[in-house]
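K.L.:
pasting the sequence and the predicted model now:
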Amino acid sequence: ETGESVTFGSMKTTSYAISHDAAEPVGYTFDYEGEKLGLATDLGYVSDKVRLVLEDSDVLVLESNHDVDMLRMGRYPWNIKRRILSDLGHLSNEAAGEALCQLLTDRTKRVYLAHLSLDHNLMDLAKLTVNNILESNGFFFRKDEYPLRETYHNKPTPWDEVKRR
């Protein structure tokens, strides 16, 4: 059930409601030995309730689905474009950056940009857009501490162990 927690050994998994055009869409958090991973993809927008659930995540996997201009100029029919751009669709690069301004804390070690459209986004563009929004809101990172990481549609994301300092 949405909002229910299930424990597998030492790991607790909790589902939470998200805004998407599907039957009972959910995101998940995973808590293990004091570490928290928040998974948020297929979101139309990041609501206050979603922000509260993802708060204090050590690692975030956040949708950065599309560049708005690429989507508008893309080959999809307008009804699909409207759906993707709606509150029941997908997060744009800009929306992901704005959400991160509210989600990043001293506890956040990594952010993986995920669920990028193959037709209406590029990883470099997503990272650049998100980073520009973060910097314009006072978030600056040294190269060795930069939290934005890539995910891929055609291969696994490399293992990147995150431990509390």
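P.N.:
Happy to help now that I have it.

K.L.:
quick one: contacts of the longest helix along the chain?
P.N.:
Criterion DSSP state H: the longest helix present in the chain is helix 123-136. Here helix 123-136 makes contact (C-beta atoms under 8 Å, 6 or more residues apart in numbering) with 64, 67, 70, 93-94, 96-98, 100-101, 104, 113, 116, 140, 148, 150. Glycine gets a C-beta too; all of them are placed from N, C-alpha and C.

K.L.:
let's see it at 7 Å
P.N.:
Under the contact criterion C-beta atoms under 7 Å, 6 or more residues apart in numbering, helix 123-136 has outside partners 64, 67, 93-94, 96-98, 100-101, 113, 116, 148, 150.

K.L.:
dump the C-alpha coordinates for that helix into CSV.
P.N.:
Provided in CSV are the C-alpha atoms of helix 123-136 (Å, rounded to 0.1, in the frame of the first residue of the first chain):
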residue,chain,number,x,y,z
MET,A,123,22.9,14.2,-20.0
ASP,A,124,25.4,17.1,-20.4
LEU,A,125,22.5,19.5,-20.9
ALA,A,126,20.6,18.2,-17.9
LYS,A,127,23.7,18.5,-15.7
LEU,A,128,24.5,22.0,-17.0
THR,A,129,20.9,23.2,-16.5
VAL,A,130,20.6,21.7,-13.0
ASN,A,131,24.1,23.1,-12.0
ASN,A,132,23.2,26.6,-13.3
ILE,A,133,20.1,26.6,-11.2
LEU,A,134,21.9,25.4,-8.2
GLU,A,135,24.7,28.0,-8.6
SER,A,136,22.2,30.8,-9.1
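
K.L.:
quick one: the spatially most central residue of the chain from R75, how far?
P.N.:
For the chain, the residue nearest the mean C-alpha position is L62 (0.8 Å; C-alpha atoms, centre = their mean). Separation of L62 from R75 (C-beta to C-beta, to the nearest Å) stands at 26 Å.
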